[in-house]
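>>> turn this into a structure:
(2 chains)
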2 protein chains.
Amino acid sequence: MKQIESIKAFGGWLNRYEHQSSSCHCTMTFSVYLPPQAATGKIPAVYWLSGLTCTDDNFRTKAGALRYAAELGLALIMPDTSPRGVAVADAPDRYDLGKGAGFYVNATQPPWSAHFQMYDYVTAELPALVEANLPVLPGIKSISGHSMGGHGALICALKEKGAYRSVSAFSPICHPVKSPWGEGYFGAYLGDDKEQWKAYDATELIKAGHTAIPILIDQGTNDEFLAEQLFPQDLQAAYAEHGATLTLRMQEGYDHSYYFIATFIGEHLAYHAKALTDPH
Amino acid sequence: MKQIESIKAFGGWLNRYEHQSSSCHCTMTFSVYLPPQAATGKIPAVYWLSGLTCTDDNFRTKAGALRYAAELGLALIMPDTSPRGVAVADAPDRYDLGKGAGFYVNATQPPWSAHFQMYDYVTAELPALVEANLPVLPGIKSISGHSMGGHGALICALKEKGAYRSVSAFSPICHPVKSPWGEGYFGAYLGDDKEQWKAYDATELIKAGHTAIPILIDQGTNDEFLAEQLFPQDLQAAYAEHGATLTLRMQEGYDHSYYFIATFIGEHLAYHAKALTDPH
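Just a heads-up that it's a prediction; the model follows:
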């Protein structure tokens, strides 16, 4: 991997890297915040998955998270939301399919399957790359995300049992098989067999017994996508039925924006820091 | 004035307003963050002046300042950096003149003089409008800014004696009469008589005896514009010569970006909060 940018922030360094991805078969870009503590030893990492239309830039710029990471001694790993480049398939008239809309799944259908292998990228390739090249503690990681990335964080943590110490999400797409966003991408990436879709749906994963990890979710009550796309109540019902632990905080008056994330990201990072540093 | 947006953040509200400006003779947009304390009483205000190419959006999105404002009980008033609209003169091939580059001066030369009256707008019209319509304490205000906006904050506080309780700046253009940016706009906005330029130059104002207010400046040592455009050492020399108080902190390794602002904005807002709430 090649470092292409480095900016000092909160006593640490915000770096950007490029590398040739063996999962996505293209050049992938990601950002990493290394807090001051990384100068003297290996530290735990929180992976952040962004939402539709984002790149690795949105969270680092808008979330106000670097300050907390510096205080808590956490590395932040911020991947892109899809493969990129001229060779990569796209749906230029849609914001919810193709570039910027990887949905953190492994596509099985052409033309998407050639590059859209974001599940493998995020859960396996990227952590291996980061742990081999940066001062992070191997295997000591948590995951969080927003909207499409909240969905991504949930499915990664539910499916990869034991891989993440903790998981949280902001405004996640909790039940994509029944949301318009989900229907719009599942068919394209995975084909028409809806049973295949359930392998990438947090609510369906819980129904199928993937209940080992507690979940923290913040959801704004004034979120413009809440009623039609997100369905946290479905996740809550599935959790209740299966005796698992879900902390769903409905935050009065907040919307779907990064200002909502900024308001509560400190609490999420403290939640992850506790899980990452407690004896395990 | 008309509210055109309202977003909940850190328990308070980030609002955007439009109004017809009597100074700039066009519709002006500005943002205001009202912390939770504004719901129950009037609070002090910090005005933030942004840099070249910015609008009212950059600081609210990137600086991570809302959290501190919520903790400290400060309103943040965030104007645009120039007049806007089809009737407003521009230099479309230049980022340092015209729209997005008001430099917080009152232009005297056509075509700029018709709308570019940012000094009056920021020091008089906007505070009067804000104090008449929002829960801020009349006259209890401070000012800060970045780069071009740092220059703006300095000249406003130096020229308007007693109007601001405190002033600070990030990476300000300290001596614009000798910087390429300054030469590029002063001639256009103020004409060829360089004596006129000195009325909007912090270093020259101090030399002329405007030394009443202490100044806090943070300047990154890795700032790509430091050597050619900013000249904090000139301001420092002028201050030393005139027995005034300047705290110039050279911050090792930081650049000109919003990550630098984000790193130290909490300390700046705490500095202003102290000045705004101390008995005066």
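>>> so where do the helices sit in the stretch 1-150 of chain A?
Under the criterion DSSP state H, counting those that start in this stretch, helices of the stretch 1-150 of chain A are mapped to A:57-62, A:65-72, A:118-120, A:126-133, A:148-159.
>>> which of the ones you listed sits most buried?
helix A:148-159 (a mean of 28; mean count of other Cβ atoms under 10 Å in any protein chain shown). For the C-beta atoms, the positions are set from N, CA and C on the backbone; glycine is no exception.
>>> can you name the element that comes right after it?
Tracing the chain C-terminally past helix A:148-159 and defining elements by DSSP states H and E, one meets strand A:167-170 next.
>>> ok, residues contacting that following strand?
A:142-147, A:149-151, A:153-154, A:156-158, A:213-219, A:260-261, A:264, A:268, A:271-272 (Cβ atoms under 8 Å, 6 or more residues apart in numbering or on different chains).
>>> go through these and flag which are in strands.
Per DSSP state E, strands hold the following members of the contacts of strand A:167-170: A:Ser142, A:Ile143, A:Ser144, A:Gly145, A:Ile215, A:Leu216, A:Ile217, A:Asp218, A:Gln219.
>>> pipe those residues into CSV and attach distance to A:Ala237, pLDDT and neighbour count per row.
Conversion of those to CSV gives the following (distance: Cβ to Cβ, whole Å; pLDDT from 0 to 100; neighbours: other Cβ atoms under 10 Å in any protein chain shown):
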residue, distance to A:Ala237, pLDDT, neighbour count
A:Ser142, 25, 98, 27
A:Ile143, 23, 98, 30
A:Ser144, 23, 98, 31
A:Gly145, 22, 98, 29
A:Ile215, 14, 95, 25
A:Leu216, 18, 97, 21
A:Ile217, 14, 98, 25
A:Asp218, 19, 98, 25
A:Gln219, 15, 98, 22
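>>> got a markdown table for these, with distance to B:Asp255 too?
Supplementary listing: the ones in strands among the contacts of strand A:167-170 in a markdown table, determined by distance: Cβ to Cβ, whole Å:
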| residue | distance to B:Asp255 |
| --- | --- |
| A:Ser142 | 29 |
| A:Ile143 | 30 |
| A:Ser144 | 27 |
| A:Gly145 | 28 |
| A:Ile215 | 38 |
| A:Leu216 | 34 |
| A:Ile217 | 36 |
| A:Asp218 | 32 |
| A:Gln219 | 36 |
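>>> what residues does the stretch 101-250 of chain A put near chain B?
A:Gly220, A:Asn222 (Cβ under 8 Å from any Cβ of the partner chain).
>>> list the contacts for A:Pro83?
A:Ser21, A:Cys24, A:His25, A:Cys26, A:Met28, A:Lys99, A:Gly102, A:His115, A:Phe116, A:Gln117, A:Met118.
>>> so what's the residue count around the second one?
Each residue near A:Cys24 was counted by other Cβ atoms under 10 Å in any protein chain shown, and the total is 23.
>>> how close does the closest residue to A:Leu248 other than its chain neighbours get to chain B?
With sequence-adjacent residues excluded and distances taken as Cβ to Cβ, 6 or more residues apart in numbering or on different chains, A:Leu248 is closest to A:Ile217, at 4.8 Å. To chain B, A:Ile217 is 18 Å away according to Cβ to the nearest Cβ, to the nearest Å.
>>> and what of A:Phe170?
Look at A:Phe170 and chain B: by Cβ to the nearest Cβ, they are 13 Å apart.
>>> check A:Gly152 too.
A:Gly152 sits 23 Å away from chain B, going by Cβ to the nearest Cβ.
>>> about what we covered before: closest to B:Ala89 among the ones in strands among the contacts of strand A:167-170?
Among the ones in strands among the contacts of strand A:167-170, A:Gly145 lies closest to B:Ala89 (Cβ to Cβ), at 44.9 Å.
>>> do you know how far the closest residue to that closest one other than its chain neighbours is from A:His146?
Counting by Cβ to Cβ, 6+ apart, A:Leu49 is the residue found nearest to A:Gly145 once chain neighbours are left out, at 3.3 Å. Applying Cβ to Cβ, to the nearest Å, the value for A:Leu49 to A:His146 is 8 Å.
>>> who has more neighbours, those two?
Neighbour comparison, A:Leu49 and A:His146: the larger count goes to A:Leu49, with 32 against 29 (by other Cβ under 10 Å).
>>> ok, now which ones touch that one?
Residues in contact with A:Leu49 (Cβ under 8 Å, 6+ apart) are A:79, A:81, A:104, A:122, A:143-146, A:148-150, A:152-153, A:156.
>>> could you rerun that using 7 Å?
Counting by Cβ atoms under 7 Å, 6 or more residues apart in numbering or on different chains, A:Leu49 makes contact with A:Tyr104, A:Val122, A:Gly145, A:Gly149, A:Gly152, A:Ala153.
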